[in-house]
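[1] can you look at this prediction? I've put the sequence above it.
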Amino acid sequence: MAKEELPGVLILDIGGTHGVLEDLAVLLKKHFHLITMKEFLGNKEEMSKRIQSVFVFECRPIIDRELLESLPNLKVIGNSGVGVDHLDLRMISSFGVKVTNTPHAVADPTADIGMALMLASARRLVEGNILNFLGS
């Protein structure tokens, strides 16, 4: 499938402080034509027709009524996190747009951190490390 034929996906940016991770951008590019918010705002008239999806990474870009009204061909908002509390689902669905997320994406890492914190607490690893650091 040629790049022109790929559906457009709006993202905040690639890399940097709030952009999509570069490895993730490589994966997205296999299925979508990536359009950054800067490109979209620079040429709203043309870009708005091409965007069929918005990829929300770390709660960005912010999905509000103004953005939804400016994307007439939007079909889906993909949220990279588990929850969707930051999205107004009722408003989004009123535009006929679907919302997806990744509910099991962080289940194992969350369990790992929970176990690590319990073990560290039970063995007083933090206090021992501080005492070890101060003693050297």
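    Looks like it came in fine. Numbers count the residues shown, from 1 in each chain.

[2] quick check: pLDDT value at the closest residue to residue 22 other than its chain neighbours.
    Leaving out its chain neighbours, the residue that sits closest to residue 22 by Cβ to Cβ, 6 or more residues apart in numbering is residue 15, at 5.2 Å. Backbone N, C-alpha and C define where each C-beta goes, glycine included. According to the prediction, residue 15 has pLDDT 93.

[3] please apply the same query to residue 5.
    86.

[4] measure it to residue 37 for me?
    Distance, residue 5 to residue 37, using Cβ to Cβ, to the nearest Å: 23 Å.

[5] and those two? Which one has more around it.
    residue 37 (19 against 7; other Cβ atoms under 10 Å).

[6] tell me the contacts of residue 6?
    By Cβ atoms under 8 Å, 6 or more residues apart in numbering, the contact list for residue 6 reads 31-33.

[7] just give the nearest non-adjacent residue to residue 88, would you?
    In space, residue 88 comes closest to residue 63 once its chain neighbours are excluded; the distance is 7.3 Å by Cβ to Cβ, 6+ apart.

[8] against residue 108, how distant is the one you found?
    28 Å.

[9] okay, those two: which has more neighbours?
    Higher neighbour count among residue 63 and residue 108: residue 63, with 24 against 9, using other Cβ under 10 Å.

[10] just say helix, strand or coil for the more buried one.
    Classification of residue 63 by DSSP: H, G, I helix; E, B strand; the rest coil places it in coil.

[11] correct me, but it touches residue 93?
    No. Using Cβ atoms under 8 Å, residue 63 is not in contact with residue 93, being 11.8 Å away.
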